[in-house]
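Colleague: Structural data only, the sequence is not supplied:
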């Protein structure tokens, strides 16, 4: 069965997605778990196709939440986990990993908030280590509102293993004037054989 976006009989000069990969041998409507199987990826470039067979892709995701949070004038006493994802890349050759964090932050009226997010990674159940930088959401709100906040992190040259990626609110997170901030988050981790 062919992907609905790929037709071998189609004239490639009329294609608008040249240079964009098409995936073959994947049933339409297949669940995300099907992405754990090897894929046949075709890149269309300059009216020629290049085949990369058995290129493996793993996608994992999870949701989490934090709050309602109290007033934090001196910050948190320890990092607060928002969401974590486990991924096993041991079957991939030289994987590259992309983390995508998206959140919905609900803030009550008359609040001053600075939320600092950090990424930790543990390898094979070991001690979590910080990777990447600090990602900051800052807002002064006089009305009840909801805000979106997201960021991505790319990790190349990853040694295959069993990883836990976590997004935490760091200890220098500040909430002033009014308590009650809540957030809902999604973390997706995409690992691709390089």
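Modeller: All right, it came through fine. Keep in mind that this is a model prediction, so the values were computed, not measured.

Colleague: what about the strands in this protein?
Modeller: Applying DSSP state E to the chain gives strands spanning 21-24, 39-45, 48-55, 57-69, 80-88, 95-107, 111-123, 129-141, 145-155, 162-169, 174-176, 181-193.

Colleague: what angle sits between the fourth one and strand 111-123?
Modeller: Strand 57-69 and strand 111-123 are oriented at 140 degrees to each other (axes from the mean of the first three to the mean of the last three C-alpha atoms, to 10 degrees).

Colleague: hmm, back to that, would you turn the strands of the chain into TSV with mean neighbour count?
Modeller: Yep, even glycine has a C-beta here, placed from its N, CA and C like the rest. Compiled in TSV, the strands of the chain are given as follows (neighbours: other C-beta atoms under 10 Å):
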stretch	mean neighbour count
strand 21-24	17
strand 39-45	17
strand 48-55	12
strand 57-69	16
strand 80-88	18
strand 95-107	19
strand 111-123	19
strand 129-141	14
strand 145-155	14
strand 162-169	22
strand 174-176	17
strand 181-193	20
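
Colleague: Need those strands in JSON lines (columns: mean pLDDT).
Modeller: Supplementary listing: those in JSON lines, determined by pLDDT from 0 to 100:
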{"stretch": "strand 21-24", "mean pLDDT": "42"}
{"stretch": "strand 39-45", "mean pLDDT": "42"}
{"stretch": "strand 48-55", "mean pLDDT": "55"}
{"stretch": "strand 57-69", "mean pLDDT": "94"}
{"stretch": "strand 80-88", "mean pLDDT": "96"}
{"stretch": "strand 95-107", "mean pLDDT": "95"}
{"stretch": "strand 111-123", "mean pLDDT": "93"}
{"stretch": "strand 129-141", "mean pLDDT": "89"}
{"stretch": "strand 145-155", "mean pLDDT": "92"}
{"stretch": "strand 162-169", "mean pLDDT": "97"}
{"stretch": "strand 174-176", "mean pLDDT": "87"}
{"stretch": "strand 181-193", "mean pLDDT": "95"}
